[in-house]
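>>> Please work out how this folds:
(one chain, ligands or ions: 1)
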Amino acid sequence: MRDQLIALLAEVSTLDLPDAEAAEAFRIAWLGRKGRMKDLMVAFKEAPNEEKRELGKLLNELKGSIEERIESVTSQGPGQSGSGSSGEDLTRPAGGLGIGTHHPLSVVRREIIGIFERMGFVVSEGPEIEDDWHVFSGLNFPEEHPARDMQDTFFVDRNPDLLLRTHTSSVQVREMEQHEPPMRLIMPGRVFRNEAVSSRAHCMFHQIEGLYIDEGVSFADLKQTLLLFAQEFFGPETRIRLRPSYFPFTEPSAEVDVYWGLETEVDKRITKGTGWLEILGCGMVDPNVLEAAGIDSRKYSGYAFGMGVERITMLRYQIGDLRAFFENDARFLDQFKGQY
Ligand code: PHE
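Numbers count the residues shown, from 1 in each chain. Below you'll find the predicted structure:
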């Protein structure tokens, strides 16, 4: 067998392979499923053990030399060889797999979190399946509050105390129960609401929640932090305004708008003629919420805010239909190529 292999090595290295077609035939004859290499492997297995070392080496050499020959033909440019008789260029590399993209929601979430991390906030996450306490009762929702209604909340059939969280404010409660102030947290996550899917609403979306508790935290701290965020995210000239609002867990509460502009028809349409766009809800953490979590509300105060990632992403990229985020249409996602 040894001599046979040496003869074959010589044969392979002198063989004439004029084009890609010949190379392919050669490949099939040697490396194909019924090729000569297969027979040699069988013979090798039956060879006496003491010869195996040398034979193995020769076999490897032969295989390497075959692969090299094929490679040298197929890697030549199409101009030199490789035009198949059909006129197609068989040596062209296959199409290959396209590079994927970061999802626009991930891009924006990462950016928002980054801005708050640079201000000293730390990321924290909580469970998507929650109990009534962390989503509602611990956040000062009255017993009869409409947000608890079957219309809005997905409950777990077998245990009505369990539900899919409707907001990331539940993570606030968990953190306040487990840790002593000071705390400065940014809490991203998925939330669920029992709503009909449309271009503006979905039964699943993403929020980013912020919470800062310490001695002497004031509404001015909240406002300045949010202004800084808006200017980092939307641009240094960005203006914000705060409108009074209501949330059971904050007092006072506000909604924050950014000034978008009123120059074009599109501006008018997306700002409903006002020039302003709402981006988040916020307020000073209600003392009832601090006390319920075991935090002394005479010593500590804090602020909280929560924003919708889809909404902010739609603003930033002028996306008109929320459903685009969840359809995984490559034509939509490809537009975010290179975004990190
Ligand atoms: N949880 C509120 C919502 O989902 C947003 C919010 C968070 C408001 C924190 C105030 C403070 O609408």
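>>> Give the buried residues for stretch 187-202.
Residues of stretch 187-202 classed as buried by neighbour count (16 or more other CB atoms under 10 Å): 187-189, 191-193, 202. Placement of C-beta: from N, CA and C, glycine included.
>>> helix/strand/coil for whichever residue of the stretch 51-200 of the chain sits closest to the ligand?
Across the stretch 51-200 of the chain, the shortest distance to the ligand (CB to the nearest ligand atom) belongs to His167, at 3.4 Å. Of the three states, His167 takes coil under DSSP: H, G, I helix; E, B strand; the rest coil.
>>> Please verify my assumption that Asp152 contacts Leu164.
No: Asp152 is not in contact with Leu164 according to CB atoms under 8 Å; the separation is 10.7 Å.
>>> what residues does the stretch 51-200 of the chain put near the ligand?
Contact residues (CB under 6 Å from any ligand atom) of the stretch 51-200 of the chain with the ligand: 167, 169.
>>> Which stretches in the stretch 51-200 of the chain count as helices?
104-118, 132-135, 169-178 (DSSP state H, counting those that start in this stretch).
>>> Taking the centroid of the protein, which residue is nearest it?
The centroid of the chain falls nearest to Ser106 when counting by CA atoms, centre = their mean (4.2 Å).
>>> How about the contacts made by the residue nearest to Gly210 when sequence neighbours are not counted?
Leaving out its chain neighbours, the residue that sits closest to Gly210 by CB to CB, 6 or more residues apart in numbering is Phe305, at 4.7 Å. Counting by CB atoms under 8 Å, 6 or more residues apart in numbering, Phe305 makes contact with 209-210, 222, 226, 256, 280-283.
>>> bridging residues for Gly210?
Beta-bridge pairing for Gly210 (DSSP bridges): Ile186, Phe305.
>>> and it, how many neighbours?
Counted with other CB atoms under 10 Å, the neighbours of Gly210 add up to 25.
>>> any idea how far it is from Phe192?
Gly210 is 20 Å from Phe192, where distance means CB to CB, to the nearest Å.
>>> quick one: the strands in this structure?
Taking DSSP state E as the test, the strands found in the chain are 122-123, 129-131, 155-156, 159-164, 183-192, 204-214, 240-247, 250-259, 276-285, 301-308.
>>> so where is the chain shaky, pLDDT-wise?
Residues of the chain meeting the criterion pLDDT under 70: 76-86.
>>> Return the nearest residue of it with respect to the ligand.
The ligand sits closest to Gly306 of the chain, with a gap of 2.7 Å, by CB to the nearest ligand atom.
>>> re the thing from before, next, find the distance separating the residue nearest to Gly210 from Gln172.
Phe305 is 10 Å from Gln172, by CB to CB.
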